[in-house]
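1. just to be clear, the model below is a prediction. Sequence and coordinates:
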Amino acid sequence: MVTKPPNEGLVFALPKGRILKELRPLLDRVGLTPEPDFDNEKSRALQFRTNHPHITLIRVRSFDVATFVAFGAAHLGVAGNDVLMEFDYPEIYAPLDLGIGRCRLSVAEPVDMANKDDPSRWSHVRVATKYPHVTRRHFAARGVQAECIKLNGAMELAPSLGLCRRIVDLVSTGDTLKANGLVEVEQIAEVTSRLVVNRAAFKTRVEEIGGWIDAFRGPCVPLDLTTADPDFAARFQGLLHAKREMSEDVDAAVAKIVADVKLRGDAAVIEYTNRFDRVTIKDAAELRVSTQEIDEAVAGLSPELLAAIDLAATRIESFHARQMPMDDHYTDAAGVRLGLRWTSVSAAGLYVPGGTAAYPSSVLMNALPAKVAGVDRIVMVVPTPDGVLNAAVMAAAHRAGVTDIYRIGGAQAVAALAHGTQSITPVDKIVGPGNAYVAAAKRQVFGLVGIDSIAGPSEILVVADGTNDPAWIAADLLSQAEHDESAQSILMTDDNAFADKVIAAVEDHLKRLPRAVTAAKSWHDHGAVIRLANLAEAVPLVDAIAPEHLELALDDPDGFANKVRHAGAIFLGRHTPEAIGDYVAGPNHVLPTARTARFSSGLSVFDFLKRTTLVGCDEAALRAIGPAAVTLARAEGLDAHALSVAIRLGGAN
Ligand SMILES: NC(=O)c1ccc[n+]([C@@H]2O[C@H](COP(=O)([O-])OP(=O)(O)OC[C@H]3O[C@@H](n4cnc5c(N)ncnc54)[C@H](O)[C@@H]3O)[C@@H](O)[C@H]2O)c1
Ligand SMILES: N[C@H](CO)Cc1c[nH]c[nH+]1
Ligand SMILES: [Zn+2]
């Protein structure tokens with residue numbers, strides 16, 4: 001580690017080449033102007049002064065940025081996550097994804113070989129790569145031994161010259177691979193460039209380095225619309241129809257996983273689980289979480305957390321119990337006995353997300369309606385990345401009466417629940433939120449099993465007047481933004497000055513929130529502030545957005561709520577933050593997103609129930625209504641239908 005006096009200038013390490021071109025406008029945006037020679041591609045200089053007397057830029061190879069920063073020779077830098085993954089330097093902190101230098105780290109092989117190859121059957125691979133550590137780790141996680149030959153460039157030559165058959169390299173457009181007769185067969189990681197800092201330097205110079213992190217994060221302002229503006233209607237339509245989720249093509253990958261689980265059962269589930277969750281399950285018996293593991297997890301939790309789980313569970317259970325519908329049996333005027341009977345599905349599968357965060361609250365929200373509805377077998381699947389079983393998730397499952405828990409996630413878990421495996425009995429219905437892979441798998445198994453509606457990234461719309469505390473409303477907006485970069489938070493207000501104060505309060509909260517990077521990206525990319533002439537203007541706008549969560553921080557929230565038709569859940573008044581509904585209010589937090597509240601509702605006991613109708617005629621009743629059936633059957637040309645009624649009425653001919 002290079003030690004530098006704290007009062008000396010900051011050194012900023014930047015990568016040469018393609019990324020520098022994309023980075024250059026960002027330097028302008030943060031007000032960092034290098035000396036003119038920096039933009040001269042022919043210049044051999046490596047170090048450059050800037051308009052800030054204390055800041056020097058160095059221009060080095062992308063791999064060397066990480067090394068300069070890790071050893072403290074540079075304080076800040078810009079490096080791709082491919083480089084960060086390869087070195088895995090604990091001294092580097094990467095607070096910000098700059099969203100530039102987008103590409104992927106992939107495994108590629110010759111086209112003619114790929115046509116006959118099945119990556120799921122590999123046991124040993126020989127690979128040419130600049131990323132031996134990432135490559136070995138990637139293959140080890142799925143039980144494949146990787147022999148890596150380190151090359152620094154021109155990787156594409158390796159297969160044609162017989163050095164090895166496969167390569168692992170960065171792929172941007174795929175043109176270079178194509179030109180060399182290669183094709184991608186597996187993706188290891190999505191790559192973007194990150195702002196990186198030396199941890200020790202950050203600790204000692206937090207104001208200075210933190211200031212640059214904030215500057216690169218950019219002014220975190222959302223879309224700002226005013227209903228009085230002439231272009232409001234067009235811009236509002238743009239907001240309504242903007243695509244928020246990444247358009248990753250996951251369908252093909254998921255179809256392959258689902259087919260493989262259907263064919264090979266447990267063996268395929270184990271293989272995908274080991275690969276995606278970085279675990280080493282050897283035997284199908286290990287897939288199921290044992291009673292002892294559940295008991296141990298529950299025993300290790302604080303009484304405070306257990307009490308909170310219990311309070312939430314009691315309230316959710318009681319709210320859902322009131323939803324239970326009544327059977328109906330009666331005899332009508334024609335003497336026909338009619339009835340409608342509700343029964344639950346026999347077995348339900350609950351998907352509990354666990355890839356990037358653990359959600360005990362979602363366990364309760366999914367399992368308790370099933371329990372209240374009377375489902376006999378409630379099976380929960382939850383991924384355990386790096387083998388970590390979340391104790392609060394286990395406690396919530398225990399409290400909610402889940403019968404079986406499997407430590408599996410993603411498409412393979414959904415496929416196992418739908419098709420069954422040697423060790424997992426299939427279920428009748430699969431519910432629960434999850435990422436794009438989970439959503440695609442649910443869509444693909446629908447028909448074989450039932451599914452609930454697909455919940456996408458979270459949303460909140462707050463309608464607030466100017467008498468609210470801006471810090472409260474800003475926190476509410478961030479509560480959903482912190483879920484996901486694709487989440488959406490919208491403020492509607494009739495007070496301009498209040499709107500400005502909320503925008504400033506969001507900035508302020510972001511300085512302290514641990515999930516600031518995610519929340520800031522969501523607010524910046526998808527957030528909106530809509531300035532109204534009066535609060536009545538908000539009603540049709542709310543209906544058009546049909547938000548998942550609608551918060552009404554108004555004097556008369558009930559009056560406003562009565563006018564709204566489309567919203568997943570409404571939170572009434574200044575003391576009802578949406579987060580209370582996420583955890584303990586009682587109604588379900590799995591709600592329709594992406595404007596689907598126009599035609600669908602949140603998860604409820606009805607998702608686990610189905611109706612059977614009952615009809616009973618005696619001779620007199622059949623005589624009363626049968627002739628009309630005969631007439632209709634003949635009109636449809638379905639004579640056997642007509643006969644089956646007429647024969648009972650003595651009119652078979
Ligand atoms: N609406 C709600 O009520 C609610 C509640 C909680 C969470 N959520 C949402 O659920 C989502 C959870 O996502 P998550 O990723 O954290 O967990 P997840 O459990 O949904 O997904 C993790 C799994 O995805 C699979 N996967 C990841 N990368 C893959 C790849 N390249 N190929 C194939 N499979 C791959 C793996 O099998 C992994 O186990 C978030 O978007 C969150 O906002 C919604
Ligand atoms: N707000 C999310 C659904 O939109 C649910 C959740 C779980 N934990 C916290 N919040
Ligand atoms: Zn939430």
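-> That came in fine, so what should we check first? Numbers count the residues shown, from 1 in each chain. Ligands and ions are numbered 1, 2, ... in the order given.
2. show residues contacting stretch 264-280.
-> Residues outside stretch 264-280 that contact it (C-beta atoms under 8 Å, 6 or more residues apart in numbering) are 120, 141-143, 257, 260-261, 281-284, 287, 383-387, 407-413, 415-416, 420-424. The C-beta positions use only the backbone N, C-alpha and C, and glycine is treated the same way.
3. contacting residues around the residue of the stretch 51-200 of the chain found nearest ligand 2?
-> Nearest to ligand 2 in the stretch 51-200 of the chain, going by C-beta to the nearest ligand atom, is Asp97, at a distance of 22.4 Å. Under the criterion of C-beta under 8 Å, 6+ apart, the contact partners of Asp97 comprise 192-194, 517, 521.
4. reformat these as JSON lines; add pLDDT.
-> Rendered in JSON lines, the data for the contacts of Asp97 read as follows (pLDDT from 0 to 100):
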{"residue": "Thr192", "pLDDT": "87"}
{"residue": "Ser193", "pLDDT": "91"}
{"residue": "Arg194", "pLDDT": "92"}
{"residue": "Val517", "pLDDT": "78"}
{"residue": "Lys521", "pLDDT": "84"}
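5. quick one: name the residues of the stretch 401-550 of the chain near ligand 1.
-> Contacts of the stretch 401-550 of the chain with ligand 1, taken as C-beta under 6 Å from any ligand atom, map to 409-411, 433-435, 437-438, 455, 457-458, 483-484.
6. in terms of model confidence, name the weakest of the residues you listed.
-> Going through those one by one, the lowest pLDDT turns up at Ala455, 83.
7. what secondary structure does it sit in?
-> Assigned by DSSP: H, G, I helix; E, B strand; the rest coil, the conformation of Ala455 is coil.
8. which residues touch the nearest residue to it once chain neighbours are set aside?
-> Closest residue in space to Ala455, ignoring its immediate chain neighbours: Pro433 at 4.5 Å, by C-beta to C-beta, 6 or more residues apart in numbering. Counting by C-beta under 8 Å, 6+ apart, Pro433 makes contact with 351, 353, 362, 455, 590.
9. so Pro433 lies in a strand, does it not?
-> No. Secondary structure assignment places Pro433 outside any strand; it is coil (three-state DSSP).
10. thinking again about what came up before, closest one of the contacts of Asp97 to Thr493?
-> Lys521 (23.2 Å; C-beta to C-beta).
11. just the contacts of Pro433 that are near ligand 2?
-> If you filter the contacts of Pro433 for contact with ligand 2, counting by C-beta under 6 Å from any ligand atom, you are left with Ser362.
12. from the contacts of Pro433, which one has the minimum pLDDT?
-> For the contacts of Pro433, the least confidently modelled position is Ala455, at 83, judged by pLDDT.
13. am I right that that one is in contact with His589?
-> No. Using C-beta atoms under 8 Å as the test, Ala455 is too far from His589 to be in contact (9.3 Å).
14. between the two, which one's more packed in?
-> For Ala455 against His589, the residue with the higher neighbour count under other C-beta atoms under 10 Å is His589, and the figures read 26 against 23.
15. now the most centrally placed residue in the chain, nearest residue through space, not along the chain?
-> By C-alpha atoms, centre = their mean, the chain has its centre lying nearest to Asn435, at 3.9 Å. When the adjacent residues along the chain are set aside, Asn435 lies closest to Gly355, with 6.0 Å between them (C-beta to C-beta, 6+ apart).
16. can you give me the strands in the stretch 501-650 of the chain?
-> Under the criterion DSSP state E, counting those that start in this stretch, the stretch 501-650 of the chain contains strands at 528-531, 549-553, 569-572, 609-616.
17. for Ala114, which of these is the nearest?
-> Using C-beta to C-beta as the criterion, the shortest distance between Ala114 and these is 44.4 Å, found for strand 528-531.
18. which parts of that closest one are buried?
-> By neighbour count with 16 or more other C-beta atoms under 10 Å, strand 528-531 contains the buried residues 528-531.
19. which parts of the stretch 301-450 of the chain sit against ligand 2?
-> Close to ligand 2, as judged by C-beta under 6 Å from any ligand atom, the stretch 301-450 of the chain has residues 359, 361-362.
20. what residue in the stretch 501-650 of the chain comes nearest to ligand 2?
-> Proximity to ligand 2, evaluated over the stretch 501-650 of the chain using C-beta to the nearest ligand atom, is greatest for Asp582 at 3.6 Å.
21. buried subset of the contacts of stretch 264-280?
-> A residue is treated as buried here by neighbour count (16+ other C-beta under 10 Å); on that basis the buried members of those are 120, 141-142, 257, 260-261, 281, 284, 287, 383-384, 407-413, 415-416, 421, 423-424.
22. and the residues you listed, which of them are in helices?
-> The subset of these located in helices under the criterion DSSP state H comprises 141, 257, 260-261, 410-413, 415-416.
23. want to throw these into TSV with distance to Tyr272?
-> Written out in TSV, the entries for those read as follows (distance: C-beta to C-beta, whole Å):
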residue	distance to Tyr272
Ala141	11
Ile257	6
Asp260	8
Val261	8
Gly410	7
Ala411	8
Gln412	4
Ala413	9
Ala415	9
Ala416	10
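24. burial count for Gln444?
-> Considering only other C-beta under 10 Å, Gln444 is surrounded by 20 other residues.
25. backbone dihedrals for it, please?
-> phi -70, psi -30 (degrees, to the nearest 10).
26. mind listing what it touches?
-> Under the criterion of C-beta under 8 Å, 6+ apart, the neighbours of Gln444 are 251, 254-255, 258.
27. quick revisit: what is the nearest of the residues of the stretch 401-550 of the chain next to ligand 1 to ligand 2?
-> The shortest gap between ligand 2 and any of those belongs to Ser458, at 3.7 Å (C-beta to the nearest ligand atom).
28. backbone phi and psi for the closest one, please?
-> Per-residue torsions, Ser458: phi -60, psi 160 (degrees, to the nearest 10).
29. wait, it sits on Leu478?
-> No. Shown here, Ser458 and Leu478 do not form a contact pair, counting by C-beta under 8 Å, at 11.4 Å.
30. spatially nearest residue to Ser123 (excluding sequence neighbours)?
-> If the residues on either side of it in the chain are set aside, Ser123 comes closest to Val144, at 6.1 Å by C-beta to C-beta, 6+ apart.
31. look at that neighbour and report its pLDDT.
-> Here the pLDDT value assigned to Val144 is 89.
32. so who does it touch?
-> With contact taken as C-beta under 8 Å, 6+ apart, Val144 is in contact with 122-125.
33. redo the buried residues of strand 528-531 as TSV? Include distance to Val506 and pLDDT.
-> Listed next are these as TSV, based on distance: C-beta to C-beta, whole Å; pLDDT from 0 to 100:
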residue	distance to Val506	pLDDT
Ala528	12	96
Val529	10	97
Ile530	15	97
Arg531	16	97
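34. as a markdown table, those residues with distance to Leu223 would be great.
-> Rendered in a markdown table, the data for these read as follows (distance: C-beta to C-beta, whole Å):
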| residue | distance to Leu223 |
| --- | --- |
| Ala528 | 4 |
| Val529 | 7 |
| Ile530 | 9 |
| Arg531 | 11 |
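35. ligand 1: which of the residues you listed is nearest?
-> For ligand 1, the closest of those turns out to be Ala528, at 19.4 Å, with distances computed as C-beta to the nearest ligand atom.
36. among the contacts of Asp97, who's most crowded?
-> Tallying neighbours with other C-beta under 10 Å puts Ser193 at the head of the contacts of Asp97, with 30 neighbours.
37. that one is in contact with Val83, isn't it?
-> No. Ser193 is not in contact with Val83 according to C-beta under 8 Å; the separation is 9.2 Å.
38. quick check: closest non-adjacent residue to the residue in the stretch 101-250 of the chain positioned nearest to ligand 2.
-> Of all residues in the stretch 101-250 of the chain, the one sitting closest to ligand 2 is Arg244 (13.5 Å; C-beta to the nearest ligand atom). The spatially closest residue to Arg244, leaving aside those adjacent along the chain, is Ser486, at 4.4 Å (C-beta to C-beta, 6+ apart).
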